[in-house]
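> sequence and computational prediction follow.
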Amino acid sequence: MGGSDQPVFGLACGLELRPWRADDAQVLTDACQDPDVQHWNRPGRLSLPDARARIARWEKRWRDEAAAIWAIAEHGAGGAVGLIGLGDVDLRGGSAEFLYWLLPAGRGRGAMVDAVLRVSRWALDDLGLHRLRITHSVANAASCRVAETAGFALEGTMRSALLHQDGWHDEHLHARVRGDAWPE
């Protein structure tokens, strides 16, 4: 991972996955103000310098083989409309956990399911991971639909597992392991 450039992937919905760039900092700052992103992902508030620093940390985490974070963007030179990534990458242990969000401009196109499937294929087939996880609040129906549609089996509920703005939430745990059938 760290010895190569982060790949760019096209999506069927006309968007693409690409590394975050310094000029995406305003989008990242704005995303932290979006009520849905704020509620489900807890990104905190970011100034432009903070957003640029976060993007630089993501580049470093790629080189350190600790995470792979992409902007979901309009194809070509288009702006970012979302984020997808793998955090807690454990190359030796063969696992990683998804994180994702979309701004209103990216919603309603099936982009997140496409993105989860594309990153999953890369992580399992090219990177050689064995197990991928998605966790989300049980109250987040949209994330649950993404996980299920992308073929991530529901493995259980983790009680009071994540603190959101409105208190502790139970979390669903979904996973895909190497060899699971891909959705049609």
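That came through, no problem. Numbers count the residues shown, from 1 in each chain.
> buried ones in the longest helix anywhere in the chain?
Longest helix in the chain by number of residues (criterion: DSSP state H): helix 48-63. Judged by neighbour count (16 or more other CB atoms under 10 Å), helix 48-63 contains these buried residues: A51, R52, R54, I55, W58, R61, W62. (C-beta placed from N, C-alpha, C; glycine too.)
> turn those residues into TSV, columns for pLDDT and distance to D170.
Converted to TSV, those look like this (pLDDT from 0 to 100; distance: CB to CB, whole Å):
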residue	pLDDT	distance to D170
A51	93	31
R52	95	35
R54	94	28
I55	96	32
W58	96	29
R61	96	28
W62	97	32
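> G14: neighbouring residues, count only.
Neighbour count for G14, taken as other CB atoms under 10 Å: 12.
> one more: D170?
D170, neighbours per other CB under 10 Å, totals 13.
> and it, what does it touch?
Listed by CB atoms under 8 Å, 6 or more residues apart in numbering, the contact partners of D170 are S137, V138, T157, M158, R159, S160, A161.
> can you spell out which helices and strands pack onto the helix or strand bottoming out on mean pLDDT in the chain?
Every helix and strand in the chain was compared by mean pLDDT, DSSP states H and E; the lowest is helix 35-41, with a mean of 72. If contacts are counted by 3 or more CB pairs under 8 Å, 6 or more residues apart in numbering; DSSP states H and E, helix 35-41 sits against strand 95-102.
> what's the strand it packs on in contact with?
31, 34, 36-37, 40-41, 68-69, 72, 81-90, 111-112, 115-116, 119, 123, 129-135, 143, 146.
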